[in-house]
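Asker: give me the fold of what follows.
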Amino acid sequence: MLDMMTQAQVSGTELKVRIEKALTEKGLKKLITNLEKELNGDHSFLPHEVETRIREVLVEAGVAVSQHGGWYRCIAAYLLLPRIEGLLAIKSTSEEKNIAPIVQKLRNEALRESLSTFGIEAPARYARTSSSTGRSHVRIPREQKQQLVENFLDALPTFEGLQEVLDTLPKNTNLMVKQIRTLVKRYLTIADRLQAKVAQE
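Answerer: Okay, here's the model as predicted:
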């Protein structure tokens, strides 16, 4: 099946045809747009070197990037490539309200497979299975949970110091600084939530 082929098995004209087909399919427009937004911003999960390599692959294949909404839109389609045919088949069904979990599952599989070809793991939000699988959460003992929270919050002074440094830098900085800024922001947000929860207990 075409959707089971990895990017490593598809190249040149075939890659160009499949990506541009995905980019022109109305059924995939929202899915690609959402992924495009995640790639084009401070919260991008894609390492700079991987993004650069994908851009090179797209150029080598002759993908008309400027005609299809720009780099991040084309990269989004590329990352979904392993499950494009499956996504198209599901999107063509009439039961729209029932396909969301299946679309999520196929998207997650595509991203995991695409990123694994570059030796990196998909973010946790893409590693999860859909809620429809019935997989339950694993409970951990209260003592371990408390120790985890304490260890996590031990790093708070370091991240607060990083935030002070970041506040002195201009907003328009290179990718590495953006990634650090994103990491610090995420940490501080989680730390605030944890401290609030601890205070309530």
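
Asker: domain map for this protein?
Answerer: According to automatic domain parsing, the chain comprises the domains 2-133, 142-200.

Asker: let's see whichever strand or helix holds T33 as CSV, backbone CA atoms only.
Answerer: Secondary-structure element containing T33, defined by DSSP states H and E: helix 29-39. Extracted in CSV, the C-alpha atoms of helix 29-39 (Å, rounded to 0.1, in the frame of the first residue of the first chain):
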residue,chain,number,x,y,z
LYS,A,29,-6.6,20.9,4.4
LYS,A,30,-7.5,21.3,8.1
LEU,A,31,-5.1,18.6,9.2
ILE,A,32,-2.2,20.0,7.3
THR,A,33,-3.0,23.6,8.4
ASN,A,34,-3.0,22.5,12.1
LEU,A,35,0.3,20.8,11.7
GLU,A,36,1.7,23.7,9.8
LYS,A,37,0.9,26.0,12.7
GLU,A,38,2.8,23.8,15.1
LEU,A,39,5.8,23.8,12.9
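
Asker: read off the pLDDT value for V50.
Answerer: Looking at V50, its pLDDT stands at 90.

Asker: quick one, what contacts the residue sitting nearest the centre point of the chain?
Answerer: Residue closest to the mean C-alpha point of the chain, counted by CA atoms, centre = their mean, is F45 at 5.1 Å. Each residue near F45 by CB atoms under 8 Å, 6 or more residues apart in numbering is listed here: E38, L39, A122, P123, Y126. For glycine as for every other residue, the C-beta is placed from the backbone atoms N, C-alpha and C.

Asker: and it, how far from E164?
Answerer: With the distance defined as CB to CB, to the nearest Å, F45 ends up 26 Å from E164.

Asker: one more: A64?
Answerer: Taking CB to CB, one finds A64 at 45 Å from E164.

Asker: helix or strand right after the lowest-mean-pLDDT helix or strand in the chain?
Answerer: Sorting the helices and strands of the chain by mean pLDDT, DSSP states H and E puts helix 124-127 at the bottom, at a mean of 68. Using DSSP H and E, the helix or strand that directly follows helix 124-127 along the chain is helix 142-154.

Asker: so for that following helix, mean pLDDT?
Answerer: 83.

Asker: what packs against it?
Answerer: helix 175-200 (3 or more CB pairs under 8 Å, 6 or more residues apart in numbering; DSSP states H and E).

Asker: and the helix it packs on, how far from the chain's centre?
Answerer: Centroid displacement of helix 175-200 relative to its chain, using CA atoms, centre = their mean, to the nearest Å, is 19 Å.

Asker: report the buried residues of that helix.
Answerer: Across helix 175-200, burial judged by 16 or more other CB atoms under 10 Å covers V177, K178, Q179, R181, V184, Y187, A191, L194.

Asker: kind regards, and thank you for your time.
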